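Peer 1: I'll drop the sequence and a predicted model, then ask my questions.
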Amino acid sequence: MKNIDFESERLIYKRVSAEHVTDAYVNWMNDPEVNMYLETGGNYTLNLLKAYVEEQFKKDIYFWAIHLKDSKKHIGNIKIDPIDLKANSGEYGILMGDKMNWGKGYAKEASLAIINYCFDVIKLNKITLGVVEDNSNAVLLYKKIGFKIDAIVEGTKPYNNKISNSLRMSLHAQN
């Protein structure tokens, strides 16, 4: 197993597994407000989610469930996948599914914890990501963390019922 469980100030990161296949997770994936800027378009069922989680588990990737430390509630997921061994970089992705916990700084805390883990423990040199330009909250978060825009890909896909640009961003390890 590649990724280990660990904690930050308010959060616990646990490897995503069968224990995370719940109605709440299915509801996140089918909620238009949650999946507005995701590649997935909803239509999830417990069986589809179970198959997806099992597939990710077998691939042995860096994929964590984000839990609140005080209540143990699962509120989202974060991953670094794929990892490009030649470039020593990893692709970052986050899903904050529990809308009751939006706006509390958990995405930033989780992102910083996982990015630091990737730089300090896995020894990656660079983290990359793709984000829809119209997802202003995510773009602002990534800029606050230190990500820089590498490229703007115009009119890539329809998100939120309109064709949007995508941003490719990266963050380099401090040596």
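Peer 2: Everything's here; your move.
Peer 1: how about the CA coordinates for the longest helix anywhere in the chain, as PDB?
Peer 2: Taking residue count as the measure and DSSP state H as the definition, the longest helix of the chain comes out as helix 46-59. Output for helix 46-59, consisting of C-alpha atoms alone and laid out as PDB, is shown next (Å, rounded to 0.1, in the frame of the first residue of the first chain):
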ATOM      1  CA  LEU A  46     -23.900   2.400  -4.800                       C
ATOM      2  CA  ASN A  47     -22.800  -0.400  -7.100                       C
ATOM      3  CA  LEU A  48     -21.100   2.000  -9.600                       C
ATOM      4  CA  LEU A  49     -19.400   3.800  -6.700                       C
ATOM      5  CA  LYS A  50     -18.300   0.400  -5.200                       C
ATOM      6  CA  ALA A  51     -16.800  -0.700  -8.500                       C
ATOM      7  CA  TYR A  52     -15.000   2.700  -8.800                       C
ATOM      8  CA  VAL A  53     -13.600   2.500  -5.300                       C
ATOM      9  CA  GLU A  54     -12.500  -1.100  -5.700                       C
ATOM     10  CA  GLU A  55     -10.700  -0.300  -9.000                       C
ATOM     11  CA  GLN A  56      -8.900   2.700  -7.300                       C
ATOM     12  CA  PHE A  57      -8.000   0.500  -4.300                       C
ATOM     13  CA  LYS A  58      -6.500  -2.200  -6.500                       C
ATOM     14  CA  LYS A  59      -4.400   0.400  -8.400                       C
END
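Peer 1: after it, which helix or strand is next? Please name it.
Peer 2: Using DSSP states H and E, the helix or strand that directly follows helix 46-59 along the chain is strand 62-68.
Peer 1: listing partners with orientation, what would you give for the least confident helix or strand in the chain by mean pLDDT?
Peer 2: Comparing every helix and strand of the chain by mean pLDDT, DSSP states H and E singles out strand 148-159 as the least confident one, with a mean of 88. The strands that strand 148-159 pairs with in its sheet are strand 162-172 (antiparallel) (by DSSP bridges).
Peer 1: list of residues touching the strand it pairs with?
Peer 2: Here strand 162-172 makes contact (C-beta atoms under 8 Å, 6 or more residues apart in numbering) with 89, 115, 125-134, 139, 142, 145-158. Bear in mind the C-beta positions are built from the backbone N, C-alpha and C, glycine included.
Peer 1: give the buried residues for it.
Peer 2: Taking 16 or more other C-beta atoms under 10 Å as the neighbour-count basis, strand 162-172 is seen to contain the buried residues 164, 166-167, 169-171.
Peer 1: reformat the residues you listed as CSV; add distance to residue 20 and pLDDT.
Peer 2: Listed next are the buried residues of strand 162-172 as CSV, based on distance: C-beta to C-beta, whole Å; pLDDT from 0 to 100:
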residue, distance to residue 20, pLDDT
164, 29, 87
166, 28, 93
167, 29, 96
169, 27, 98
170, 29, 98
171, 27, 98
